[in-house]
Structures are given as C-alpha cells and as structure tokens.
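Participant: give me the fold of what follows.
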Amino acid sequence: MLKIRCVLIVFILMGFQNTFSQSIKVSGRIKSNTNIENIHVINITAQVFTITDKKGLFTITAKLNDTLKFSSVQHKLKEVVVSKEIISTKVIFVTLEEHINELDEVVVGKVLTGDLLSDITNTAGEPPINFYDVGIPGYTGKPATQSERKMDEATTGPNGKKLKWYSPLTGSIPLNPILNGLSGRTKMLKNRVKLEEREVLMQSIKSRLSKDFFVSNPLDEALKMDFFYFCADDENFVKHCKNQRDFKILIFLRMKYIQYLKNINSNKK
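Facilitator: Got it, this is the predicted structure:
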C-alpha cells in the first residue's frame, strides 16, 4: 500500500512538472490611462512576439519563468516573469505607466543683462511676413523632395498640367517633356522617386521597430543595417509595409529575417 502511494505521488509530481515546463497560450490584457493598441508584447525567452488590439488584448506562447517584455512609445518599459499562477490560470493582466517627456525649464519674457550686444542678440524680432498676410495663395502640403521637383519639372507643361512626351499638343510646344521622354530622363527620375520612397519607409520602420524586433530575432550589430536594405529590396516591400499596422510589418520582417539567415548560411558554405 505504501509503495502504491509513493508511485502515485511521483506521478503527480511529474504531472505538475510537465505542466509547468510546457509552453501554453497565455491570454492577457493591458491596462493604461492612455492608448493600449499596438503595444509590443515580446517573450524574450522563447523569442516570440505579438501586438495588442484596440482593447489591449493579446495572446502569446509562454512557459514557467519566461520573461515577457511590454513596450511602446507612450509607456514605460515593463518586464514580467511568468509565474505558476499565470500558468495555472492562463491569464495575465498588466498595468503600464504612461511615459511622460519632461520639458526643460522655460523662461518667459526678456531677460536683460546690461550687456548691449548680448541683449540685442537675445531680443526676439518681428516674425517674417507670411504669404497669407499679403493675400498671396501659397502651398501648404508636404514639401517635395529634390527628385520629385525634378520629375515635376520634366513632365509639366506651361499650363501646369502633367504631359507625356507623346501627348497631342496644340499651340506652343513645351520641349521639356518631349526631350526628357525621348532621352529616358523622365523614367530615370520616376525610378529615383520610388527609391527615395523605399528609403524613407525603411528608415522609419528601422527607427520604430528594430529594437523590439531584434530582441526576438537576434542578429549581429554589423548586419542589422544590411538586413533592412535586404527587406527594402523586396518587390512587395512598399505593399506590405506602407500604411500598415506594426503587427503586419513585423510578420513581413520575420519572413525576410528567415530568408536573410538562409542567404548568410549559404554564402558561408
């Protein structure tokens, strides 16, 4: 009888050990006084990640003693170690503190020191005249890049309309669109604008997501910049990453990460 009890105890203990050592899906919810969508949830130990939805809900794979990292621009960084209670309930609630940027002290008004040269330098002058002040209509949209301005110049007629070099023309003939079309300069400028768009998008993703992405997808520091250029070279880069949620962008980066590692390993052979 004693032996049977001992065997039962051993099996029970082994069952508990297996339960706590296996990875399970943990459902969680973020609480905060500010926006709780798109918060990055990273299992640093298992190297998996996810992102919260509009309600601050998420699901992630974890096991006992795994470390979960919660980060976003609007919140202070927080790490939580998966406890036995979390494994048992399969639920986790996390409260994040809002990250407040403190501004430097501001002095209102003019401070005169008695030094004439210093006081003249520190005295604010009149603001420059705005084109609205004199009734002149002005452009308030996004400033064009140098390549965009050159392309606009190469394809715009005297009436301000976009022209193709082969378009039917009447009256005076604008030579710029014709010459640029025949020489291939227009095509070259369009390609340059597309490259600049990819570069800007790639740099934006790198500055915003690289820190959290490389926590779960380690890569040598010297290769990180090369990896992002590898991603930008993909023909579907803009389609998958422009105006997309961080979660979709991270999925694309993960796919390219696997391809990138395969390329590195094949080159070593």
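Participant: and the longest helix along the chain, what's its mean pLDDT?
Facilitator: Longest helix of the chain, by residue count under DSSP state H: helix 185-216. For helix 185-216, the mean pLDDT works out to 81.
Participant: after that helix, next one along is what?
Facilitator: Proceeding N to C from helix 185-216, the next assigned helix or strand is helix 221-232, under DSSP states H and E.
Participant: this structure: strands as residue ranges?
Facilitator: Ranges of strands in the chain, per DSSP state E, are 24-31, 40-43, 48-51, 57-62, 67-72, 75-81, 91-95.
Participant: which strands border the third one, and is each parallel or antiparallel?
Facilitator: Under the criterion DSSP bridges, strand 48-51 sits next to strand 40-43 (antiparallel) in its sheet.
Participant: output the strand it pairs with as PDB, nothing but the C-alphas.
Facilitator: Taking Å, rounded to 0.1, in the frame of the first residue of the first chain, the C-alpha atoms of strand 40-43 are listed here in PDB:
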ATOM      1  CA  HIS A  40       4.600  45.200 -28.400                       C
ATOM      2  CA  VAL A  41       4.500  42.000 -26.300                       C
ATOM      3  CA  ILE A  42       7.700  40.000 -26.600                       C
ATOM      4  CA  ASN A  43       8.600  36.700 -25.000                       C
END
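Participant: for residue 196, give its distance to residue 238.
Facilitator: Per Cβ to Cβ, to the nearest Å, residue 196 is found 12 Å from residue 238. Yep, even glycine has a C-beta here, placed from its N, CA and C like the rest.
Participant: before we move on, what about residue 262?
Facilitator: 23 Å.
Participant: one more: residue 98?
Facilitator: Distance, residue 98 to residue 238, by Cβ to Cβ: 33 Å.
Participant: more neighbours: these two, which one.
Facilitator: Using other Cβ atoms under 10 Å, the more surrounded residue of residue 98 and residue 238 is residue 238, with 16 against 11.
Participant: for that one, give me its contacts.
Facilitator: Contacts for residue 238 were tallied using Cβ atoms under 8 Å, 6 or more residues apart in numbering; they are 197, 198, 201.
Participant: per-residue confidence for it?
Facilitator: Looking at residue 238, the pLDDT reads 90.
Participant: let the chain start at 10 from now.
Facilitator: All set: I'll call the first residue 10, so the last point we hit is now residue 247.
Participant: would you quantify the distance from it to residue 210?
Facilitator: 7 Å.
Participant: returning to that earlier point: nearest to residue 224, of the strands of the chain?
Facilitator: Between residue 224 and the strands of the chain, the tightest spacing by Cβ to Cβ is seen for strand 49-52, at 5.4 Å.
Participant: contacts for the closest one, please.
Facilitator: 37, 57-61, 67, 69-71, 75-81, 221, 224-225, 255.
Participant: my read is that residue 87 contacts residue 103, right?
Facilitator: Yes. Between residue 87 and residue 103 a contact is recorded at 6.7 Å, counting by Cβ atoms under 8 Å.
Participant: okay, and the common contacts of those two?
Facilitator: residue 79.
Participant: which one's more surrounded, those two?
Facilitator: residue 103 (18 against 15).
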